[in-house]
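Trainee: My questions are about this predicted structure, shown below with the sequence.
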Amino acid sequence: MKRCVISLSCNLVLAFILTFVGDVVADSPKHGGVLEFVVGSKVTSYDGHSESTFGMLHPIRPFYSVLIRVDPEDPQSTTRFVCDLCIGGIPEPEDGGKRYTFKIRRGVKFHDGTPLTSADLKASFEKIVFPPPGIRSVRKARFSMVRSIEATSPATLTFNLKYASGAFLPTLAIPFNFIYSKKDLDTHGYRWHETNVNGTGPFEFVQHQAGAFLEGRRNPDYYHSGRPYLDGFKAISAPKMSTRLQAIRGGRAAIEFRGFAPQARDDLLGALGERITVQQSDWNCALLFTPNHRVKPFDDPRVRRALTLALDRRLGSTHLSRIAIVKTVGGIVYPNHPLAASPEELATIAGYGDDIEQSRSLARQLLADSGHSGLTFVLHNRAVDQPYKVVGTWLIDQWSRIGVAAEQHAKPSGPFFQTLFKKRDFEVTIDFSCGSVVNPIADVSKYISESNFGGYEDPVLDDIFKRLQRATAPREQQALMRQFERRVLDDAAHSFVTLWWHRIALHHTYVKGWMISPSHYLNQALDNVWLDR
């Protein structure tokens, strides 16, 4: 699905005008102005290496640079990466795909005036890939293919890999991979960046009033010529969705980057008409449900398989997309990626066929054969409407069509995650797979034995994953991904995708240059954003 931009004329409240990205005629950027945006979460720490929330990334990312990033001019691309602190383009791998050498920009300065060299990048990535004891790095496992990192000259950085992997470059482009000053790390320690900011990004830190707002101003020494266009930005903390909507509606904020529900979109369009723009995209988040294999009767694959056969995903997409931030039917791979299953391939997997009555008949038979007709259980869910409780309610309705009576128990986020990560005492739980850069080879690691929430061990699945990690030819990757996907969703019936999320971003039409991406973590440096007042 292409990203689309929707605007609504004041006198045609019910008419949507769809314009695809390729058809948008860009105006000449203007300099000046302060972008005010709302953030639906709080900043708990400034350290990108130890954090994973959008509430931290949206206000802090503009202060920092990364080595490479998803192309901000084409953020819908799932395979196109461009240099940020490197020059000359993304290098071709050497030594059979096990060595990447990057040429680093000269003349870049940290906000405190310290010149940047490859030593700063080496120190930053070593903190991420090889953190010392006691230092948290949430992306360490994603760099498991890296053997060593070398700064062979002030302008050269080399990654040596244990094995060639198609997951390496997407992992390198993760927007949390902030580049820190080696001087700061050596002088202040590895936790200094949790509460201090010193980057080389398009904006410099001004102030942060916890729970209220965070401000940044234009970096006059930014290395991308002519940018940023903004004089500054102000990130306003607004955890409640109603507060964020009212801020945009009342003109106190220009944009919310994460996403709103369809009803909020329609209400805001009705109120502001042509003064508001909506950008929509498939979202690199899948909502799943996972049975606990350690709890009877979900140790029986027939019972697990029956639950996915009960779902009419296509009809569900039609109805749920009108009220929730879910839409696209897909397997375990982001639907727009080259490694995603085709509709024909999906149709051969349990729960994705065209004949829902046939699927439900098979589901009833599987329950009868296993001795569990009239099954009852509790669905463990998160007490958040969008999209958790909405999809949970739909699941319960779908399961009732095969004689299964499920009851939804929704917990606040803290207890929900406590049960999911530690207690593991649920019967069936809502689960999720969300990422920043679309990186299927790494993303599907959530299903292997050491990572899943279902409590299962599957050596067959783990072996397919190991081969997938090391596959470099697209045809080999596709073949292995199909084996992996069928094993998860059908043959072993471990865990199941309901629908993929659908991102809806709202902003005033005077905000220009920003384009929606498949993830609310991407394209947030703000160096390409400008205001057309």
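Mentor: In hand now; what should we look at?

Trainee: got the contact list for the closest residue to residue 62 other than its chain neighbours?
Mentor: Distances taken as CB to CB, 6 or more residues apart in numbering place residue 203 nearest to residue 62, at 4.3 Å, with adjacent residues excluded. Placement of C-beta: from N, CA and C, glycine included. Residue 203 makes contact with 62, 63, 216, 217, 218, 219, 228, 230, 232, 233, 526 under the criterion CB atoms under 8 Å, 6 or more residues apart in numbering.

Trainee: try residue 448
Mentor: Residues near residue 448 by CB under 8 Å, 6+ apart: 458, 461, 462, 465.

Trainee: repeat for residue 399
Mentor: If a contact means CB under 8 Å, 6+ apart, then residue 399 has 307, 310, 405, 406 as its contacts.

Trainee: what pLDDT does it get?
Mentor: On the pLDDT scale, residue 399 is placed at 98.

Trainee: any idea how far residue 308 is from it?
Mentor: Relative to residue 308, residue 399 is positioned 10 Å away (criterion: CB to CB, to the nearest Å).

Trainee: need the helices for the stretch 51-200 of the chain, in chain order.
Mentor: Secondary structure of the stretch 51-200 of the chain (DSSP state H, counting those that start in this stretch): helices at 54-60, 118-129, 168-172, 182-188.

Trainee: mind checking which of those helices is nearest residue 491?
Mentor: Closest of the helices of the stretch 51-200 of the chain to residue 491 is helix 168-172, at 27.2 Å (criterion: CB to CB).

Trainee: Buried residues in the closest one, which are they?
Mentor: 168, 169, 170, 171, 172 (16 or more other CB atoms under 10 Å).

Trainee: residue contacts, residue 125?
Mentor: With contact taken as CB under 8 Å, 6+ apart, residue 125 is in contact with 67, 149, 159, 177.

Trainee: Tabulate the residues you listed (a markdown table), appending pLDDT.
Mentor: Below are these laid out as a markdown table (pLDDT from 0 to 100):
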| residue | pLDDT |
| --- | --- |
| 67 | 98 |
| 149 | 98 |
| 159 | 98 |
| 177 | 98 |
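
Trainee: Which of those has the largest number of neighbours?
Mentor: The residue in the contacts of residue 125 with the most neighbours, by other CB atoms under 10 Å, is residue 177 (26 neighbours).

Trainee: So what does it look like in phi/psi?
Mentor: Note on residue 177: its backbone torsions stand at phi -80, psi 60 [degrees, to the nearest 10].

Trainee: Apart from its neighbours in sequence, what residue is nearest it?
Mentor: Excluding the flanking residues, the one nearest residue 177 by CB to CB, 6+ apart is residue 66, at 5.2 Å.

Trainee: same question, residue 164
Mentor: Ranked by CB to CB, 6+ apart and with sequence neighbours excluded, the top spatial neighbour of residue 164 is residue 97, at 2.8 Å.

Trainee: Give me the next element, helix or strand, following the helix or strand harbouring residue 205.
Mentor: Applying DSSP states H and E as the criterion places residue 205 in strand 203-209. Following strand 203-209 in sequence order, the next helix or strand is strand 213-218 (DSSP H and E).

Trainee: Could you figure out how far that next one is turned away from strand 203-209?
Mentor: With axes from the mean of the first three to the mean of the last three CA atoms, to 10 degrees as the basis, strand 213-218 and strand 203-209 are set at 160 degrees to each other.

Trainee: what sits up against strand 213-218?
Mentor: Applying CB under 8 Å, 6+ apart, the contact partners of strand 213-218 are 43, 59-60, 62-63, 202-208, 228, 230-237.

Trainee: Could the C-alpha coordinates of that strand be exported in PDB?
Mentor: Extracted C-alpha coordinates of strand 213-218, given in PDB (Å, rounded to 0.1, in the frame of the first residue of the first chain):
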ATOM      1  CA  PHE A 213       7.400  20.200  27.200                       C
ATOM      2  CA  LEU A 214      10.800  19.900  25.700                       C
ATOM      3  CA  GLU A 215      12.400  22.400  23.400                       C
ATOM      4  CA  GLY A 216      15.100  22.400  20.800                       C
ATOM      5  CA  ARG A 217      16.600  25.200  18.500                       C
ATOM      6  CA  ARG A 218      18.200  25.100  15.100                       C
END
